[in-house]
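Peer 1: Sharing a sequence plus its predicted fold:
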Amino acid sequence: MFATLSNVRIVAVRAAVPSQEIALEDEVEFYGGSLKKIKRLQDTLGMCKRRVCPADVTASDLCAHAANALLRECREDRDSIDCLVFVSQMPDWIQPATACELQDRLHLSRECAAFDVNQGCAGYVYGLWLAGSLVASGSARKVLLLVGDAQSFSRDRANRITAPVFGDGGSATLLTRDESAPPLVFDLGTDGRGFENIILPAGGARIPFVRDQQRNEALIATHCDPQGNPWQMCETYMDGGKVFNFTMDVVPPHLERLLQRAGAGIDDFDLFVFHQANRQIVTSLAAKAGFPLEKTPVESFSRYGNTASASIPIALCDKFGSSPISGKMLLCGYGIGLSWASCICRLENVACAPVLDFEADPERLSREQWISRWEKIFKGEVDIYD
Amino acid sequence: MTREEFLEELQGMLQCESALSADTVLADMEEWDSLAFMVLIAFFDKSFGLRVTFDMLKKCRTPEDLISLTNGGVA
């Protein structure tokens, strides 16, 4: 679908990543000791490093860190935020929406609407479209959009399809009502036939975790593919070849359609910011769409890995650092769903900062402490909010 | 593109040390993997304007089969 939103200004963006870095060279054991294979991955995909969260840190923690920095540095009144949207594939809780706890953690007003959206690699542009729609319609004046993913904890490092590709990252973007803002132009689409091409099969209602220990065994049993990669139903599965085929088939005509409907020419743009799936995919897409490579950033994949929904804001913060973001941009996300979403926007002095290193909140409970908290709640030994 | 040029390009894309002939068995090479497929898909698109898929490449046994995929783009 095609949409043009007016009166929406993107005010500020921040991104945060965990400080622990894993380099491909650290994992030569998973390539049978072959440094040559590692060099091929570096040369062709640009795969070099990724950031991974410690056991007790989640996507919401990274996003909260980015949001606190944004609100503090832009001197935003926390009471003025009308709506909080958290876009992630890995919320802290199945119920309630993680955005609800974030409203409290970020000290936002109780008059603030808060909800989660389940979207992945197209999630940042989806979030801009959704948050922008709320602002454009007059439903909300100021929306804080938190977008991020952190799933390294759930991956088997021996799985070479997923583990080395994906890094953890979070972001915060502030959108506000402004009658003088240039329009945001979107095109979004879905092909649900490919819903199993990237999927976390177990843990939802279709294949739930249940009280029956024996049935849960099947969900955590490991099965290896012909290349020896271990898979479990409680981890994200991906068929890389199918996803690559989809990307090359769907994204270039989608971009052509968007440019045509928006009446925009390739020369009008200062920057083409693709979801950083890997360098090969981004450069292939840019070549196919006719976008000049010097205007298409690819470096942040090599620094941070594929950070799913957070990769576009991370690429922006990585590129602009402390300089305000200005210029005509095309932002393009594609992946799990299968979903795709792109936005043409003229950004004007968007407050930016270099990608932030996450610092743990010492008040935050560890996973073990959460588990023991729940054991105590059940036994009536701890009071919860009243 | 000539056959010799194609084989040289292929060797460069696969980053393999020994020269390839038209009847080299691809499956015997450790470099014949999904990484190679991704690079080849981009190469087919750029050099011949052709859209090939992972499955089409998987079915190729030798560089000769890859040449056939070019629909006369390699002579």
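Peer 2: Received it, and whenever you're ready, just let me know what you need. Numbers count the residues shown, from 1 in each chain, chains lettered A, B, ... in the order given.
Peer 1: Which helix or strand contains the nearest residue to residue A:181 once chain neighbours are set aside?
Peer 2: Excluding the flanking residues, the one nearest residue A:181 by C-beta to C-beta, 6 or more residues apart in numbering or on different chains is residue A:9, at 3.9 Å. (C-beta placed from N, C-alpha, C; glycine too.) Assessed by DSSP states H and E, residue A:9 sits inside strand A:8-17.
Peer 1: if we can go back for a sec, okay, and the beta partners of the residue nearest to residue A:181?
Peer 2: When bridges are called by DSSP bridges, residue A:9 pairs up with residue A:176.
Peer 1: Could you pull up the residues touching it?
Peer 2: For residue A:9, the contact set (C-beta atoms under 8 Å, 6 or more residues apart in numbering or on different chains) comprises A:175-178, A:180-181, A:348.
Peer 1: If we use 7 Å, what do you get?
Peer 2: When contacts are counted by C-beta atoms under 7 Å, 6 or more residues apart in numbering or on different chains, residue A:9 touches A:175-176, A:178, A:181.
Peer 1: Show me which residues of the strand holding residue A:9 are buried.
Peer 2: Burial within strand A:8-17, assessed by neighbour count using 16 or more other C-beta atoms under 10 Å in any protein chain shown, is assigned to A:8-17.
Peer 1: out of those, who's nearest chain B?
Peer 2: For the buried residues of strand A:8-17, the minimum distance to chain B (C-beta to the nearest C-beta) is 25.5 Å, reached by residue A:17.
Peer 1: Who does the closest one form a beta bridge with?
Peer 2: Beta-bridge partners recorded for residue A:17 (DSSP bridges): residue A:357.
Peer 1: so what's it scoring on pLDDT?
Peer 2: Per-residue confidence (pLDDT) for residue A:17: 98.
Peer 1: Can you pull the phi and psi angles for the closest residue in space to residue A:6 that isn't next to it in sequence?
Peer 2: Distance criterion C-beta to C-beta, 6+ apart; nearest residue to residue A:6, sequence neighbours excluded, is residue A:183 at 5.2 Å. Residue A:183 adopts backbone torsions of phi -70, psi 150, taken as degrees, to the nearest 10.
Peer 1: how about the closest residue to chain B within the stretch 151-300 of chain A, secondary structure?
Peer 2: At 3.5 Å from chain B, residue A:241 is the closest residue in the stretch 151-300 of chain A, using C-beta to the nearest C-beta. Here residue A:241 is helix, with the state taken from DSSP: H, G, I helix; E, B strand; the rest coil.
Peer 1: so it sits right up against residue B:54, yeah?
Peer 2: Yes. Using C-beta atoms under 7 Å, residue A:241 is in contact with residue B:54, at 3.5 Å.
Peer 1: Mind pulling up the pLDDT for the most centrally placed residue in chain A?
Peer 2: Centroid-nearest residue in chain A: residue A:309, 1.7 Å away (criterion: C-alpha atoms, centre = their mean). pLDDT for residue A:309: 98.
Peer 1: Hmm, it is touching residue A:121, no?
Peer 2: Yes. Between residue A:309 and residue A:121 there is a contact under C-beta under 7 Å: 6.4 Å.
Peer 1: ok, back up a step: relative to residue A:356, which of the buried residues of strand A:8-17 is nearest.
Peer 2: residue A:16 (4.3 Å; C-beta to C-beta).
Peer 1: quick one: the closest one from residue A:289, how far?
Peer 2: Remark: distance between residue A:16 and residue A:289 (C-beta to C-beta, to the nearest Å) = 30 Å.
Peer 1: The strand or helix carrying residue B:12: which residues count as buried?
Peer 2: Per DSSP H and E, residue B:12 falls inside helix B:3-14. Neighbour-count burial for helix B:3-14 flags B:6-7, B:9-11, B:13-14 (criterion: 16+ other C-beta under 10 Å).
Peer 1: Can you say which helix or strand has residue A:326 in it?
Peer 2: strand A:325-335.
Peer 1: quick one: strands adjacent to that strand?
Peer 2: The strands beside strand A:325-335 in its sheet (DSSP bridges) come out as strand A:271-274 (parallel), strand A:339-350 (antiparallel).
Peer 1: Now do that strand against strand A:8-17, angle only.
Peer 2: Going by axes from the mean of the first three to the mean of the last three C-alpha atoms, to 10 degrees, strand A:325-335 is angled at 70 degrees with respect to strand A:8-17.
Peer 1: who touches strand A:325-335?
Peer 2: Contacts for strand A:325-335 (C-beta under 7 Å, 6+ apart): A:120-125, A:198, A:243, A:247, A:251, A:255, A:268-275, A:277, A:312, A:316, A:340-350, A:352.
Peer 1: Please apply the same query to stretch A:70-78.
Peer 2: Outside stretch A:70-78, the residues that touch it by C-beta under 7 Å, 6+ apart are A:11-12, A:14, A:106-109, A:172, A:174, A:351, A:353.
Peer 1: do you know which of the strands paired with strand A:325-335 lies nearest residue A:135?
Peer 2: When these are compared (using C-beta to C-beta), the closest one is strand A:339-350, at 13.3 Å.
Peer 1: chain center to the closest one: distance?
Peer 2: With C-alpha atoms, centre = their mean, to the nearest Å as the basis, strand A:339-350 stands 15 Å off its chain's centre.
Peer 1: How confident was the prediction at residue A:300?
Peer 2: 96.
Peer 1: Oh, that last question was meant for residue A:255, not what I typed.
Peer 2: For residue A:255, the predicted pLDDT is 98.
Peer 1: what's the closest non-adjacent residue to it?
Peer 2: Spatial nearest neighbour of residue A:255, excluding adjacent residues (C-beta to C-beta, 6+ apart): residue A:289 at 4.9 Å.
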